[in-house]
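Visitor: generate a structure from the sequence data that follows.
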Amino acid sequence: MLRRASRAHDGGDAAEAERLFNAVLQYAPENVDALHGLGKIHCRRGRLDTALALIQKALRIDSDRAEGFSSLGLVFHLLGDFERALASYDAGLGIAPNDAELRNRRGVALLELDRPHEALADFESALDAKSDDLDALGNYGNALLKLNHPAAALAVYDRALALAPENAQLLTNRAVALRRLDRPQEALMSASRALVSKPDFAQARFVESVARLTLGDFSAWRGYEARWSVGLLASQRRSFTAPLWLGKDTPDLSLEGKTILLHAEQGFGDTLQFVRYARLVAARGAKVVLEVQRELVSLLSGMTGVDAVIGRGETLPRFDCHCPLLSLPLALATELTTIPAEIPYIAAADEEVRLWRERLPQDRPRIGLVWSGDRSHDNDLNRSLGLESLLPVLDLPDVSFVSLQRPVRDEDRPLLQSRSRLVHLGESFDNFADTAAVIAQLDAVVSADTAVAHLAGALGKPLFVLLPYAADFRWLRERSDSPWYPTARLYRQREFGKWDGAIEALAQDLLRAYSGRLALRHSA
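Guide: Below you'll find the predicted structure:
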């Protein structure tokens, strides 16, 4: 019966295998093969607690089975306990050090633990043992991409696709690598191929939409809705009793007299960019309730068209319908030529401006600086700079600089403290209302692609943005202006990872605009 169960399991008949394994356990409750086989079936069906109990019992009876530790690690991985998954794979490798599957699974756990260098070594070992292992090849490419080697990742994905040309996941990952290399047309083709192979593949639809948006094709806001089935955003999707409002796609189009909840969904910069739509929604007769990150509540409370601003996690009032902020371009049928770019659409409070006035340098033009963002951002290695990279800017004559940076990385602190014309205020800010109050009194802001860039643009401040080689889709391509922020000028890397040209062009423009001038008149 055990052999029949194993054959059914290997042949894909899970129902028959489950019946037979259970029958074996009726007369032999400690049969390791039956416990393990049944555990794998429960794991496949998502019954993870049951699978865990069965596989752990099998290993207590016989702890000398590498395959058992491989299965145990997989269950822990699916439960999100990557440390215990890693420990399980290590135990298995102690028994079978050359097991390619264990090496591959260990590498995946290491990627989840943000240890890509170690993961890379495991995938290489797995491929040494089995060079045509499709799963290990794909994971190897993922590790290279995580380590910011998109060209190498692309080569690995192509190697894997030679074995499985229609694999939707590989084609999608390839599209991500091409996007990172600023090859959006090719990324679009790769994602489209993935959708031919697997039409309902949400990740491919999302990647395709980002490529289209990068190219200025705003019909892609429809495909961007696939974000709710992809990665971290899938777990952040909101479930409300009130219906989702998507403009013309909503059966009841009228918002007249209704209360709508507009809610933040991603980072601070996303909120600051897309909150501009609140007044357009209000113009349709709606009462607008805005739910945002707590750090933005004070800043956004005075916005035109917003009736109430609620911090995320606070009790929400009753509302008739809702819309995530980044769904508003779809709901309001935004095209590249109809982006609502009336600025300023955010203002600093007079009281906050007065509180910061005396802490700012006097008698010279004042330029705000932000050079790095949150390390957890998925493209932080490319978008953030070290302060030392900005020395050509910091050395400009007759200009005072104000650091809006929060937080400051340890490697930047010595240089920050050594510059007499660089006043550091960022770590004194409690929230974005403080940041806005300082920006309102500056002549310009220089920023990497961070939330502060969006804030300065929303305030209508002259803005100079440093962008990586493959900039985020909202900055489009091959242009030095932004239709979202009329006061912005963009400085793009011309080679992957190299800032020199962009910073030199920025320094020259700042020199012409501000050096040698008296301080400009500042007002709130």
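Visitor: so what strands line up beside the strand or helix carrying Arg489?
Guide: Here Arg489, judged by DSSP states H and E, is contained in strand 488-492. According to DSSP bridges, strand 488-492 has the following sheet partners: strand 463-467 (parallel).
Visitor: same question for the strand holding Arg489, mean pLDDT?
Guide: Mean pLDDT, strand 488-492: 98.
Visitor: and the next helix or strand after that strand with strand 463-467, angle?
Guide: Downstream of strand 488-492, the next assigned helix or strand under DSSP H and E is helix 500-514. Comparing the axes of helix 500-514 and strand 463-467 via axes from the mean of the first three to the mean of the last three CA atoms, to 10 degrees yields an angle of 170 degrees.
Visitor: show the average pLDDT along the helix or strand hosting Val353.
Guide: Using DSSP H and E, Val353 falls within helix 350-357. Per-residue pLDDT values over helix 350-357 give a mean of 94.
Visitor: ok, and what's touching it?
Guide: For helix 350-357, contacts defined as CB atoms under 8 Å, 6 or more residues apart in numbering pick out 425, 433-434, 436-438, 440-441, 524. To be clear about C-beta, it is placed using only N, CA and C from the backbone, and glycine gets the same treatment.
Visitor: and with 6 Å instead?
Guide: 433, 437-438, 440, 524 (CB atoms under 6 Å, 6 or more residues apart in numbering).
Visitor: one step back: distance between the strand holding Arg489 and the chain's centre?
Guide: Between the mean C-alpha location of strand 488-492 and the chain-wide mean there is a distance of 22 Å, by CA atoms, centre = their mean, to the nearest Å.
Visitor: give me the contacts around it.
Guide: Strand 488-492 has contacts (CB under 6 Å, 6+ apart) with 457, 463-467, 480, 482, 502, 505-506.
Visitor: all helices of the stretch 251-400 of the chain, in order?
Guide: 268-274, 278-282, 294-300, 328-331, 350-357, 380-383, 391-394 (DSSP state H, counting those that start in this stretch).
Visitor: what separation do you get for Arg479 and Leu181?
Guide: In this view, Arg479 and Leu181 are 19 Å apart by CB to CB, to the nearest Å.
Visitor: do Leu72 as well
Guide: According to CB to CB, Leu72 stands 39 Å off from Leu181.
Visitor: okay, those two: which has more neighbours?
Guide: Per other CB atoms under 10 Å, whichever of Leu72 and Leu181 has more neighbours is Leu72, with 27 against 17.
Visitor: need the contact list for the closest residue in space to the more buried one that isn't next to it in sequence.
Guide: Excluding the flanking residues, the one nearest Leu72 by CB to CB, 6 or more residues apart in numbering is Ser88, at 4.4 Å. Shown in contact with Ser88 (CB under 6 Å, 6+ apart): 69, 72-73, 76.
Visitor: give me the element Leu144 is part of.
Guide: Short version: Leu144 belongs to helix 134-146, going by DSSP H and E.
Visitor: give me the buried positions along that helix.
Guide: 135-146 (16 or more other CB atoms under 10 Å).
Visitor: packing partners of that helix?
Guide: Packing partners of helix 134-146 (3 or more CB pairs under 6 Å, 6 or more residues apart in numbering; DSSP states H and E): helix 100-112, helix 116-129, helix 150-161.
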